[in-house]
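**Q** next input, structure requested:
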Amino acid sequence: MRIPTQLRQTLIGTTVVGAFFGVLCALGSFAFYSEYGPRIAGAPHDAWAKTFHAIGIFFWVTVGIVGAFGLLPSAISFALSRLFRKASNISSKRTREKPRAA
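**A** Residues are numbered from 1 along each chain as shown. Prediction:
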């Protein structure tokens, strides 16, 4: 299956933006847990746990942004275009089938 060019560009753009914000959130999470983690009971305490937590935050932020700003608007647009195209085809069939005058 071939992905249309516009959808491909939308996904690439939202992935880049999502990765940027994901890096910011991951660095913020790592810095927060490095500074305040020892005082929080359920926080990751060793360096590997903080790193894996930051990687998880990066992943979920990136996926969330791609889903919310890339896939969801594209799916809504696709569904509406299908709906309007189908309605347009039905109305054009009605106008073509006019009875002839005898």
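
**Q** centre of the chain to the helix ranked longest in the chain, how far?
**A** What stands out as the longest helix in the chain, according to DSSP state H, is helix 5-36. For helix 5-36, the gap between its own C-alpha mean and the chain's C-alpha mean amounts to 12 Å (Cα atoms, centre = their mean, to the nearest Å).

**Q** by contact count, what packs against that helix?
**A** On a contact count with 3 or more Cβ pairs under 8 Å, 6 or more residues apart in numbering; DSSP states H and E, helix 5-36 meets helix 47-66, helix 72-96. All C-beta spots, glycine's among them, are computed from the backbone N, C-alpha and C.

**Q** nearest to Ile40, of those helices?
**A** Nearest to Ile40 among the helices and strands packed on helix 5-36 is helix 47-66; the distance by Cβ to Cβ comes to 11.8 Å.

**Q** pLDDT score for the spatially most central residue of the chain?
**A** By Cα atoms, centre = their mean, the mean C-alpha position of the chain lies nearest to Gly67, the distance being 1.6 Å. You'll see Gly67 listed with a pLDDT of 96.

**Q** and the gap between it and Lys86?
**A** Look at Gly67 and Lys86: by Cβ to Cβ, to the nearest Å, they are 26 Å apart.

**Q** deepest-packed of the helices and strands packed on helix 5-36, please.
**A** Among these, the stretch with the highest mean neighbour count (mean count of other Cβ atoms under 10 Å) is helix 47-66, at a mean of 16.

**Q** show me the contact partners of that helix.
**A** Identification of contacts with helix 47-66 by Cβ atoms under 8 Å, 6 or more residues apart in numbering yields 11, 14-15, 17-19, 21-23, 25-27, 29-30, 33-34, 37, 44.

**Q** the longest helix of the chain to helix 72-96, inter-axis angle?
**A** Here helix 5-36 runs at an angle of 150 degrees relative to helix 72-96 (axes from the mean of the first three to the mean of the last three Cα atoms, to 10 degrees).

**Q** in helix 5-36, what counts as buried?
**A** With burial defined by 16 or more other Cβ atoms under 10 Å, the residues of helix 5-36 counted as buried are Thr10, Thr14, Thr15, Gly18, Gly22, Cys25, Ala26, Ser29, Phe30, Tyr33.

**Q** quick one: low-confidence residue ranges for this protein.
**A** Across the chain, the ranges flagged by pLDDT under 70 are 91-102.
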